[in-house]
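# here is a sequence together with a model predicted from it:
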Amino acid sequence: MATRYDIPQGARLRVLTVSGHVEIDTGDNPYIEIDPEDRRIEIRDEEKVAETRTRSTNLRITVPAGMNVSVGSVSGHVHLRGDFGSIKVSTVSGHIEVGAVRGDVDIRSISGHLIVDRCDGRVRCNTKSARIEVGWVGQEARAQTMSGDIELGTAGNKDIELRSISGRINVKVDSGKHPKVHLKTLSGKVRCEIPQGQDFDIVAKTLSGSIQVEEA
């Protein structure tokens, strides 16, 4: 059974864990619920942060819709489902999956894949040896990986910069937008299937993968 914690208005959630998986959902209630029930939420930083810490326990947390969330993990997977404010997540070897975000997304991992369904703000994704998938971003996006593919959809409002060493890159642009493209690969094919213009820039570089820009 989950334990309920009332939180100050405007506070963000901070989760710190070593090896436990973290699952966070959004709900309609103005409070936080955490499971297992023996886990505690502490209010810190002049009531600006609601924080929980654990070493190896898996956490299931429900927060108010629109809440800002940050998670730091060493080897656990992080799944955030629902409608969040801004998101910041870092892990060494765990996967990170994020649902809908109203603000900005900043997610980083060494060997875990990074997935974002939708972000109305800016996106930053960085991993060393896994794939990156961003369903749709409303503003600027930067993504980098060494040995994984990158797939990203964009509204075409702000610049996009994508880099990989040995993966393919695919960009889908909302209809009616005409980007100026800068595409470079050493051993793959390059294709831009939409008319170019000056709406925004797409910079995409990879050493051994193909690059494709197309209409969503």
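Yes, it's here.

# so for residue 30, what's the nearest residue that isn't a sequence neighbour?
Of all residues not flanking residue 30 in the chain, residue 64 sits nearest, at 5.4 Å (CB to CB, 6 or more residues apart in numbering). For the C-beta atoms, the positions are set from N, CA and C on the backbone; glycine is no exception.

# what's the burial count for the one you found?
By other CB atoms under 10 Å, the residues close to residue 64 number 20.

# let the chain start at 9 from now.
Okay, residue one is now 9; in that scheme the one you just asked about reads as residue 72.

# hang on, it packs against residue 35?
Yes. Residue 72 is within contact range of residue 35, at 6.8 Å (criterion: CB atoms under 8 Å).

# hang on, the earlier thing: pLDDT wise, what is the residue nearest to residue 38 at?
For residue 72, the pLDDT comes out at 97.

# residue 9 now?
At residue 9, pLDDT is 76.

# my read is that it contacts residue 43, right?
Yes. At 7.2 Å, residue 9 counts as touching residue 43 under the criterion of CB under 8 Å.

# so which of those two has more stuff around it?
residue 43 (16 against 7).

# show me what contacts that one?
9, 10, 11, 67, 68, 69 (CB atoms under 8 Å, 6 or more residues apart in numbering).

# which residues does it bridge with?
residue 68 (DSSP bridges).

# now residue 162
Applying DSSP bridges, one finds that residue 162 bridges with residue 145, residue 181.
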